[in-house]
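Enquirer: Based on what follows, work out the 3D shape:
(one chain, ligands or ions: 1)
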Amino acid sequence: MTLLNQRRLLLAVSDEPAASETIAFARLLASAGARVGIHEVPGAARWFGAAALEHLLGEGLAVERVAASWEADALLVLGGAAAKREWQVQRAELPLVQAPEAGRFPASRWLLPCLLRALSNRPWESLRLLVTAGPTVEHFDAVRFLSNPSSGKMGYALAEAAWIAGAEVILVSGPTVLDTPWGIRRIDLTSAQEMREAVLAERYDVVFMAAAVSDYRPVERRVGKVKKGVGPWTLEMERTPDILAELSASAVRPDLLIGFAAETHDMERYAREKLRAKSLDGIVANDVGAGGAFGSDSNCVQCYDGAGGAVSFGPAEKREIAAAIVAWAEGCLARKR
Ligand code: C5P
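Expert: Here you go, the predicted structure:
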């Protein structure tokens, strides 16, 4: 399973803006499974180096030199506004991938999501969607805290997949080192309490609660850094709010509410119990035992819906798992509406 799975992409190298990136774009797309056709206006090779293209063509990737009429699924014009307008007329039947201002952002951030969105039939076009991701961090003094090893990768991948499906996406994130996915508004916060406030502030059509919310927090947060003493230090802990359960019972409950469950054993039983106890529309369970999902680039999940259905996805890259979860959630939402 690759994201672009043989989709045919025409790279039209038309004038200088962005054309120097031709080789990098083609390589990135071909490695994501696309078939890439490069069409250059005469002399374009001076913008990216003719030898570099010859080298790329010899690498055995699915990249070839093609005519302007090459049969394609989408079009990416490497050139300025005038070139884009011309191609829009010439190949009006193709979805056009809009490259952001040349050179401002690395292609690794926008190219794949923008292309996948252009190729998508955007089933979630008019939906507002919230995704929570990452860990929460519960401080007991200025520099010490309680947290967990969630990297946020699964939630970020879901936010991106939902944007590709056409939704307007807000990502509520605990501390992570990840770049914000393309096209998405991100709200950064730290504690479960702050996450609760962000999640309950507005109503959304769909909510994915993928964050690994800390279940406990220290009762007291001391000012400054507490100096170490000789003896032990006992902390008193209290439960954090269960954001998902509260959202489920609230006036801002979304049309589709999906929770996550990270378990080390008896995954199905616990996941189904949570689905019922928190009155969810679906739950995505992953096995975090034995070095499982936390921090990894790949994952394997089981999805359970409120009607008793179950499906599993993976093992695969989190980006691919996210696309599968979004497609599954689309089905859940369609059945509810
Ligand atoms: O009960 P458990 O913590 O395993 O449930 C996991 C689900 O509940 C996840 O979707 C998580 O984001 C959410 N959760 C929450 N607030 C908490 C704990 C978990 O929203 N305090």
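
Enquirer: Give me the buried positions along stretch 52-59.
Expert: Under the neighbour-count criterion of 16 or more other C-beta atoms under 10 Å, stretch 52-59 has 53, 56 buried. Backbone N, C-alpha and C define where each C-beta goes, glycine included.

Enquirer: So what touches that stretch?
Expert: Among residues not part of stretch 52-59, those counted as contacts by C-beta atoms under 8 Å, 6 or more residues apart in numbering are 22-23, 26-27, 38, 45, 63-65.

Enquirer: Check whether the residue in the stretch 1-150 of the chain that the ligand sits nearest to sits in a helix, strand or coil.
Expert: At 6.1 Å from the ligand, Thr132 is the closest residue in the stretch 1-150 of the chain, using C-beta to the nearest ligand atom. At Thr132, secondary structure determined by DSSP: H, G, I helix; E, B strand; the rest coil is strand.

Enquirer: shouldn't it be in contact with Ala192?
Expert: No - counting by C-beta atoms under 8 Å, Thr132 sits too far from Ala192 to count as a contact (10.4 Å).

Enquirer: okay, the two: which has more neighbours?
Expert: Relative neighbour count places Thr132 above the other of Thr132 and Ala192, with 30 against 24, counting by other C-beta atoms under 10 Å.

Enquirer: Look up how far the ligand lies from the residue lying closest to that one once chain neighbours are set aside.
Expert: For Thr132, ignoring the flanking residues on the chain, the nearest one in space by C-beta to C-beta, 6 or more residues apart in numbering is Ala211 at 3.8 Å. Using C-beta to the nearest ligand atom, to the nearest Å, one obtains 5 Å as the distance from Ala211 to the ligand.

Enquirer: re earlier: pull up the overlap in contacts between Thr132 and Ala192.
Expert: What both Thr132 and Ala192 touch, as defined by C-beta under 8 Å, 6+ apart, is the set 213, 243.

Enquirer: From what I see, Gly166 and Leu119 are in contact.
Expert: No - between Gly166 and Leu119 there is no contact under C-beta under 8 Å: 11.6 Å.

Enquirer: Quickly list what's touching both of these two.
Expert: Common neighbours of Gly166 and Leu119 (C-beta under 8 Å, 6+ apart) do not exist.

Enquirer: For the stretch 101-250 of the chain, what lies in contact range of the ligand?
Expert: With the criterion set to C-beta under 6 Å from any ligand atom, the stretch 101-250 of the chain comes near the ligand through 192, 209, 211, 213, 215, 240-244.

Enquirer: who's sitting farthest from the centroid in the chain?
Expert: No residue in the chain sits farther from the centre than Val230, which is 46.2 Å out by C-alpha atoms, centre = their mean.

Enquirer: sec struct for it, please.
Expert: Per three-state DSSP, Val230 ends up coil.

Enquirer: next one: phi and psi at it?
Expert: In this entry, Val230 is assigned phi and psi values of phi -90, psi -30 (degrees, to the nearest 10).

Enquirer: how close does it sit to Phe140?
Expert: Look at Val230 and Phe140: by C-beta to C-beta, to the nearest Å, they are 19 Å apart.

Enquirer: Next: Ser191.
Expert: 11 Å.

Enquirer: ok, how many other residues are close to the residue nearest to Gly289 when sequence neighbours are not counted?
Expert: When the adjacent residues along the chain are set aside, Gly289 lies closest to Thr264, with 3.6 Å between them (C-beta to C-beta, 6+ apart). Residues lying near Thr264 (other C-beta under 10 Å) number 11.

Enquirer: For Thr264, grab phi and psi.
Expert: Geometry field for Thr264 lists phi and psi as phi -100, psi -10, criterion degrees, to the nearest 10.

Enquirer: In terms of pLDDT, where does it sit?
Expert: The pLDDT attached to Thr264 in the predicted structure is 84.

Enquirer: what sits against Ala307?
Expert: Applying C-beta under 8 Å, 6+ apart, the residues contacting Ala307 are Arg335.

Enquirer: Mind checking what secondary structure it has?
Expert: Remark: Ala307 carries the secondary structure label coil [criterion: three-state DSSP].

Enquirer: For whichever helix in the chain runs longest, list every residue counted as buried.
Expert: Looking across the chain with DSSP state H, the single longest helix is helix 318-336. Buried positions in helix 318-336, judged by neighbour count with 16+ other C-beta under 10 Å: 318-326, 328-330, 332-333.

Enquirer: Now the spatially most central residue of the chain. Its backbone dihedrals?
Expert: Nearest to the mean C-alpha position of the chain, by C-alpha atoms, centre = their mean, lies Ala157 at 2.1 Å. Here the main-chain torsion angles of Ala157 (degrees, to the nearest 10) amount to phi -60, psi -40.
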